[in-house]
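1. quick one, fold the following:
(chains A and B)
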Amino acid sequence: AQSVTQLGSHVSVSEGALVLLRCNYSSSVPPYLFWYVQYPNQGLQLLLKYTTGATLVKGINGFEAEFKKSETSFHLTKPSAHMSDAAEYFCAVSEESGYQKVTFGIGTKLQVIP
Amino acid sequence: DTGVSQDPRHKITKRGQNVTFRCDPISEHNRLYWYRQTLGQGPEFLTYFQNEAQLEKSRLLSDRFSAERPKGSFSTLEIQRTEQGDSAMYLCASSAGQWGTEAFFGQGTRLTVV
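-> Below you'll find the predicted structure:
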């Protein structure tokens, strides 16, 4: 069965510092992987997704993630944090096509300190 | 605004009462999904529609829950005889059908059962 583990429910970084949000997955087949962002009182917004092909995926707002099969990881990074990046981030995995098949992690709240 | 809209945004109800939520998807999207998000957790799939047909329901969707999408446009999610455990954010999302397209989320309806 597919699953997602997000390490660190809360992460704090200084403005301008590297953002690293960790995600490890479990899947019996090559997975589809996603990162979503949720701002307070808002719905989820897709940051980026990995389906096949290039393992380094670039998303919106300067975020990127690298699919590492050997480490079963899909960590999210951004070189320089901005105050507007403060939000909750969800990693998600799916073994099959269809959003009804997506399993979300519990989320990581990112705090950006000025 | 051409995004996914949900109504109401907040609902407080007494235990045992029935509640109904509405979701208006993006107009050209034929797939509509309902998720539930409890505090400190990621979204969990409840059910989804392709046009007016309800194609899949999660085990989370007890017999107190019913969803409809009568004309393949808006959808309603009804909870009968609400329980305190039903308190959560109920998210709606829609997609254009093909797996490669993005699912867009609404802002959610936050239900509090007192």
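
2. so residue B:88 sits right up against residue B:34, yeah?
-> No. Between residue B:88 and residue B:34 there is no contact under C-beta atoms under 8 Å: 11.3 Å. Any C-beta I mention is one placed from the backbone N, CA and C, and that applies to glycine too.

3. neighbour count: those two, which is higher?
-> residue B:34 (26 against 20; other C-beta atoms under 10 Å in any protein chain shown).

4. tell me if I'm right that the more buried one and residue B:92 touch.
-> Yes. The pair residue B:34 / residue B:92 is scored as a contact, 5.8 Å apart, by C-beta under 8 Å.

5. so what sits against both of those two?
-> Common neighbours of residue B:34 and residue B:92, using C-beta atoms under 8 Å, 6 or more residues apart in numbering or on different chains, are B:23, B:75, B:77.

6. which of the helices or strands spans the nearest residue to the first one once chain neighbours are set aside?
-> The shortest distance from residue B:23 to any residue other than its chain neighbours is 3.4 Å, reached at residue B:92 (C-beta to C-beta, 6 or more residues apart in numbering or on different chains). In this structure, residue B:92 sits in strand B:88-95 according to DSSP states H and E.

7. name the residues of chain B found near chain A, please.
-> B:4, B:9, B:31, B:33, B:40-45, B:47-48, B:55-56, B:91, B:93, B:95, B:99-100, B:102-108 (C-beta under 8 Å from any C-beta of the partner chain).

8. inside strands: which ones of those?
-> In strands, judged by DSSP state E, the following of the residues of chain B next to chain A are found: B:31, B:33, B:44-45, B:47-48, B:55-56, B:91, B:93, B:95, B:104-105.

9. neighbour count for the residues you listed - can I get that in TSV?
-> Converted to TSV, those look like this (neighbours: other C-beta atoms under 10 Å in any protein chain shown):
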residue	neighbour count
B:31	22
B:33	26
B:44	16
B:45	22
B:47	22
B:48	27
B:55	12
B:56	15
B:91	24
B:93	26
B:95	22
B:104	20
B:105	24
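
10. where exactly do the strands run in chain A?
-> Under DSSP E, chain A gives strands at A:3-7, A:10-14, A:19-26, A:32-38, A:44-50, A:56-58, A:64-68, A:73-78, A:87-94, A:103-104, A:108-113.

11. can you pull the contacts of the residue positioned nearest the centre of chain B?
-> Taking C-alpha atoms, centre = their mean, the centroid of chain B lies closest to residue B:34, which sits 3.4 Å from it. Shown in contact with residue B:34 (C-beta under 8 Å, 6+ apart): B:23, B:45-48, B:67, B:75, B:77, B:90-92.

12. returning to that earlier point: distance from the strand holding residue B:92 to the middle of the chain?
-> 5 Å (C-alpha atoms, centre = their mean, to the nearest Å).

13. the strands of chain A: which one's closest to residue B:71?
-> Taking C-beta to C-beta, strand A:44-50 is the member of the strands of chain A nearest to residue B:71, at 26.0 Å.

14. for that closest one, list every residue counted as buried.
-> Within strand A:44-50, the residues that qualify as buried are A:44-50, counting by 16 or more other C-beta atoms under 10 Å in any protein chain shown.

15. got it, and stretch B:60-71?
-> Quick answer for stretch B:60-71 (16+ other C-beta under 10 Å): B:61, B:65, B:67, B:69.
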